[in-house]
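Asks: pasting a predicted model and its sequence here:
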Amino acid sequence: MTETLFEKIWNSHIVVEKENEPSLIYIDRHLVHEVTSPQAFDGLRVNHRKVRRPELTVATIDHNVPTTDRSLPMIDETSSTQIKTLEKNCKDFGIKLFGINDPNQGIVHVIGPQLGITLPGSTIVCGDSHTSTQGAFGAFAFGIGTSEVEHTLATQTLWLEKPKTFEILATGKRKNPFAVTSKDIILSIIKKIGTNGGTGHVLEYRGDAISDLSMEQRMTICNMSIEAGSRAGLIAPDEKTFDYINNREYTPKNYDDLVEDWKNNLMSDSNSKFDKRFTIDVEKIEPQVSWGTNPAMVSDVTDKIPTPEEFGQNNEIQIESAKKALAYMDLEPETLITEIPIDRVFIGSCTNARLEDLIDAATIVKGKVINSNVSAMVVPGSQMVKHEAEKLGLDKIFKDANFEWRESGCSMCLGMNPDILKPGERCASTSNRNFEGRQGSGGQTHLVSPVMAAAAAIAGHFVDVRDWS
Amino acid sequence: MKPFSKINSIVTPFDKANVDTDQIIPKQFLKLITKSGFGKFLFYDWRFDHNGQPKGDFILNDPTYKDSKILITNENFGCGSSREHAVWALKDFGFSVIISPSFADIFYSNCFKNGVLPIILDIKNIKKLLEIRDEVELDLNSQKIIFGNEFINFEIDSHRKIRLLEGLDDIDLTLKEDQKIENFEKNSSIASIFE
Ligand code: SF4
């Protein structure tokens, strides 16, 4: 019997299996943050339960931390309560916390990989849907709700219905790999398969165009699996994966043995059967810009905003959604994407705030100054990314161009901290969700890659970075 | 959890697709550390204007549906963020049943953990229910939505159905498998993060 990569991971983690019922699956890694965990710890307390495997659990504070000077007191009392609650919970239950002033603090999906906690072939959960990011290492990594956080804390397992499998085959070579990024690949995929194309499925990204990508670029792809409706997306590990994991702070001591094991076991067998398949040729992909209020409402940078009818193609629901989206976004159909002016630029989030993203964006920005109508900020994905970027002098490049250079956290990806858009402000953002109000009530979000965001900051409107000089 | 019993209620027609959890409960309300009290923030940005006044044209502000326990909506309901607060808000507001042609995976599973029943129906039946103004009876045991002389059958995983009907606690059930978890751990090669 042939098996896909996902099926191999699934089968090796079954604790209890019964016919036609969910299976009990063992969880190897549990990442915890301040927003989705308080009620879970509360549940444990009420029922006098312990955390079963604190040594497989790690916590950080990312969603609502301020990204300004952290030596100052926090203004927002409720955020501060949530942070203190996590600190207390970690202390009471014996969980390692990378707290607000820890050099390892950062967005949970950025720190897992960079600390060597994220491993191929493992099952990883976190109370955050973008846990899928870590599938880039050939792990089954997925977001869970708070009840499941509690369940994992108490039992180190979860009852899961086995998802179906969906092969996304990316072929060809990108024409301009600097300007056409992995963000553009994943946005193009979502544009084609839709925001619920992957529902009930685990995506496996395969093909030369995927192998070609660095680990950080692969994370951007897997990150947005959830925007295609999939709880998880994964990529078979290869030499790049193993190199990335080697010598990190928490890389397991038996790394060499593990690599042997991963090499032999972690790939889909040839001829394995996927429940669904989709192929995309990356050669044809252009830089992408979202114009609507879900991540499938995306156009090539050289295009115009479609009319609702063009977008919906006879699907009434889609046509209606596009109309509402354009009204919310205050945009007219047939407008050239490059004619959309912007007010704000956000380079950050677990999608695009790792070191390579910042290096690429800095390449665009270097020696230039942002447009006087724009305010722009860079929020590194973790303290470690920030530190490495500073060693390369990127902070200086950004600051010289009038970007704000901030502390790490989720920041304006979801605007739970003071970093938010005002109503009517239009933002080029490297994050993953352009839902109504996501970055602040009434704010208008356009999803783009880091290089596209950087170029837009300087021009004051979207530009085709392939023409950038 | 309370066992899930029969429900008699009018249906709140909320004909919208791709409703994401950011809309169901905007992030500024995620900072509570309890599970209750989220209902007043449900669909906040749609329900209230910038001054915090209820918007007259939003369906949940219509007194007709004040006591409704059933929300009917369009495809891909609950997409986006995994926040369980979305289900807590819907439940706290009074809904125990959400009907849609399709749900996002995490939202769907979050519903069951909180005694909320998500029902998937085809578009034809959704359209029919969107039109009904009278009370319907929802019977989980027989998997039927009954109105007048008609009824619609719905599917649900039998395992989940029993858990809802009996109001069973997931963790208690799992802890019965403790021996198997221990055996698994003995044979697992995955390293601890912290020695
Ligand atoms: S950066 Fe955004 S998407 Fe990523 S974990 Fe934070 S809030 Fe979620």
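Replies: That came in fine, so what should we check first? Numbering: from 1, shown residues only, chains lettered A, B, ... in the order given.
Asks: did I read that right, A:Val345 in a strand?
Replies: Yes: with DSSP: H, G, I helix; E, B strand; the rest coil as the criterion, A:Val345 is part of a strand.
Asks: near chain B at all, stretch A:56-68?
Replies: Yes: Stretch A:56-68 comes into contact with chain B (Cβ under 8 Å from any Cβ of the partner chain), by way of A:Leu56, A:Thr57, A:Val58, A:Asn64. Every C-beta, even on glycine, is put in place using the N, C-alpha and C of the backbone.
Asks: where does pLDDT dip in the chain?
Replies: Chain wasn't specified; assuming chain A. For chain A, the stretches flagged by pLDDT under 70 are A:71-75.
Asks: hmm, no, I was thinking of chain B.
Replies: Checking chain B against pLDDT under 70 turns up B:195.
Asks: residue of it closest to the ligand, please.
Replies: Per Cβ to the nearest ligand atom, B:Ser81 is where chain B lies closest to the ligand, at 7.1 Å.
Asks: pull the contacting residues for the residue of the stretch 151-300 of chain A found nearest the ligand.
Replies: In the stretch 151-300 of chain A, no residue comes nearer to the ligand than A:Asn223, which is 7.6 Å away by Cβ to the nearest ligand atom. For A:Asn223, the contacting residues are A:His109, A:His130, A:Ser132, A:Thr133, A:Ile186, A:Cys350, A:Thr351, A:Asn432, by Cβ atoms under 8 Å, 6 or more residues apart in numbering or on different chains.
Asks: what's the burial count for the last one?
Replies: So the one you mean is A:Asn432. Look at A:Asn432: counted by other Cβ atoms under 10 Å in any protein chain shown, it has 28 neighbours.
Asks: quick one: residues contacting it.
Replies: Shown in contact with A:Asn432 (Cβ under 8 Å, 6+ apart): A:His130, A:Asn223, A:Met224, A:Ile226, A:Glu227, A:Pro295, A:Ser349, A:Cys350, A:Thr351, A:Cys413, A:Leu447.
Asks: helices along the stretch 351-469 of chain A, start to end?
Replies: With DSSP state H, counting those that start in this stretch as the criterion, the stretch 351-469 of chain A has helices at A:355-365, A:383-391, A:394-400, A:450-459.
Asks: for those, which one sits closest to chain B?
Replies: With Cβ to the nearest Cβ, the closest approach to chain B among the helices of the stretch 351-469 of chain A belongs to helix A:383-391: 16.4 Å.
Asks: tell me what the closest one is packed against?
Replies: On a contact count with 3 or more Cβ pairs under 8 Å, 6 or more residues apart in numbering or on different chains; DSSP states H and E, helix A:383-391 meets helix A:108-114, helix A:355-365.
Asks: right, so those helices: which one is the most enclosed?
Replies: Among these, judged by mean count of other Cβ atoms under 10 Å in any protein chain shown, the one packed with the most neighbours on average is helix A:108-114 (a mean of 27).
Asks: picking that back up, and the helices and strands packed on helix A:383-391 as CSV, adding distance to chain B?
Replies: Putting those into CSV (distance: least, Cβ to the nearest Cβ, whole Å) gives the following:
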stretch, distance to chain B
helix A:108-114, 10
helix A:355-365, 22
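Asks: deepest-packed of the helices of the stretch 351-469 of chain A, please.
Replies: helix A:450-459 (a mean of 28).
Asks: run the chain-centre distance for that helix.
Replies: Centre-to-centre, helix A:450-459 and its host chain are 20 Å apart (Cα atoms, centre = their mean, to the nearest Å).
Asks: ok, which stretches of chain B are helices?
Replies: B:21-24, B:44-47, B:85-93, B:105-113, B:123-131, B:158-166, B:170-175, B:178-187 (DSSP state H).
Asks: next one: the stretch 1-150 of chain A
Replies: Per DSSP H, counting those that start in this stretch, the stretch 1-150 of chain A carries helices over the ranges A:5-11, A:38-46, A:77-93, A:108-114, A:146-155.
Asks: tell me which of those helices sits nearest to the ligand.
Replies: For those, the distance to the ligand is smallest for helix A:108-114, at 5.8 Å, taking Cβ to the nearest ligand atom.
Asks: wait, does stretch A:129-136 make contact with the ligand?
Replies: Yes: shown here: stretch A:129-136 in contact with the ligand (Cβ under 6 Å from any ligand atom) through A:His130.
Asks: circling back: which two in the contacts of A:Asn223 are spaced the farthest apart?
Replies: A:His109 and A:Ile186 (14.7 Å; Cβ to Cβ).
Asks: for the one helix or strand A:Lys263 maps to, what is the distance to the chain centroid?
Replies: For A:Lys263, the host element (DSSP states H and E) is helix A:255-265. Chain-centre distance of helix A:255-265: 27 Å, with Cα atoms, centre = their mean.
Asks: got the buried residues for it?
Replies: For helix A:255-265, burial by neighbour count (16 or more other Cβ atoms under 10 Å in any protein chain shown) applies to A:Tyr255, A:Leu258, A:Val259, A:Trp262.
Asks: which residues touch the last one?
Replies: I take that to be A:Trp262. Contacts of A:Trp262 by Cβ under 8 Å, 6+ apart are A:Pro120, A:Gly121, A:Gly138, A:Pro237, A:Thr241, A:Phe242.
Asks: dump the residues you listed to TSV, plus distance to the ligand.
Replies: What follows is the contacts of A:Trp262, written out as TSV (distance: Cβ to the nearest ligand atom, whole Å):
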residue	distance to the ligand
A:Pro120	22
A:Gly121	23
A:Gly138	21
A:Pro237	22
A:Thr241	21
A:Phe242	25
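Asks: top of the residues you listed by neighbour count?
Replies: Of all the contacts of A:Trp262, the highest neighbour tally under other Cβ under 10 Å goes to A:Gly138, namely 28 neighbours.
Asks: go ahead and confirm it touches A:Pro120.
Replies: Yes: when contacts are counted by Cβ atoms under 8 Å, A:Gly138 is listed as touching A:Pro120 (4.0 Å).
Asks: overlap in contacts of those two?
Replies: With Cβ under 8 Å, 6+ apart, A:Gly138 and A:Pro120 have common neighbours A:Pro237, A:Thr241, A:Trp262, A:Leu266.
Asks: thanks again, I'm all set now.
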